[in-house]
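Visitor: Sequence first, predicted coordinates after that:
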Amino acid sequence: MAMEIMQNQKVYEELKSKLVMGENVTQAAQFAHTGAAQVGIIALSLALMDKMKSVGSFWRVPENLYQPIQQGALLLKNAPNPQAAKYFANFLSGPEGQQILARHGFMGNAHKIYNQEPILNTHEH
């Protein structure tokens, strides 16, 4: 995604000799946090962390500069408490869960698991 953003801004060729690439977004955030890099293109959820905000400021990359990253939640077949996992997944995809996720940099509309239908009938006993 970082290269896509730089290419869309037409700055990649000019900057490529100065780039330090992390193996993953967490390592890129670490480079920025420690000062090993002057700028980091990282996940918004990482940029919003207190430890990152304490060392600098962030600029939200306009969504038209990159293809969105699809994220998801997985319910494990052998979860020790499948009922709780289902409730939690439904909570995450509901209004309150979506507000919490958005506050932490996870944007977009979540769909209910399993073809946009609730996983669990909340009237079950």
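Guide: Okay, I see it. Residues are numbered from 1 along each chain as shown.

Visitor: What pLDDT does the model give residue 111?
Guide: Taken from the predicted model, the pLDDT recorded for residue 111 is 51.

Visitor: ok, now residue 47?
Guide: According to the model, residue 47 carries a pLDDT of 90.

Visitor: my read: residue 33 touches residue 53, true?
Guide: No: applying C-beta atoms under 8 Å, one finds residue 33 not in contact with residue 53, separated by 10.5 Å. The way it works is simple: take the backbone N, C-alpha and C, and place the C-beta from them, glycine included.

Visitor: Give the residue from the two that has the larger number of neighbours.
Guide: residue 33 (18 against 11; other C-beta atoms under 10 Å).

Visitor: In three-state terms, label the more buried one for me.
Guide: Using DSSP: H, G, I helix; E, B strand; the rest coil, the three-state assignment for residue 33 comes out as helix.

Visitor: residues contacting it?
Guide: 40, 51-52, 55 (C-beta atoms under 8 Å, 6 or more residues apart in numbering).

Visitor: Now render these as a markdown table, adding secondary structure.
Guide: Conversion of the contacts of residue 33 to a markdown table gives the following (three-state DSSP):
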| residue | secondary structure |
| --- | --- |
| 40 | coil |
| 51 | helix |
| 52 | helix |
| 55 | coil |
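
Visitor: how is the chain carved up into domains?
Guide: Using automatic domain parsing, the domain parsing of the chain gives 2-65, 71-125.

Visitor: Pick the most deeply packed of those.
Guide: Mean neighbour counts were taken over the domains of the chain using mean count of other C-beta atoms under 10 Å, and the top value, a mean of 14, falls to domain 2-65.

Visitor: What is the subsequent helix or strand relative to the top helix by length along the chain?
Guide: Secondary structure assigned by DSSP state H gives helix 82-93 as the longest helix of the chain. Of the helices and strands lying after helix 82-93 in sequence (DSSP states H and E), the nearest is helix 95-103.

Visitor: Would you mind writing the CA trace of that following helix as CSV?
Guide: Written as CSV, here are the backbone C-alpha positions of helix 95-103 (Å, rounded to 0.1, in the frame of the first residue of the first chain):
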residue,chain,number,x,y,z
PRO,A,95,-23.2,-0.3,15.9
GLU,A,96,-21.3,-0.1,19.2
GLY,A,97,-18.6,-2.4,18.0
GLN,A,98,-18.3,-0.4,14.8
GLN,A,99,-17.9,2.8,16.8
ILE,A,100,-15.1,1.3,18.9
LEU,A,101,-13.3,-0.1,15.8
ALA,A,102,-13.6,3.3,14.0
ARG,A,103,-12.2,5.1,17.1
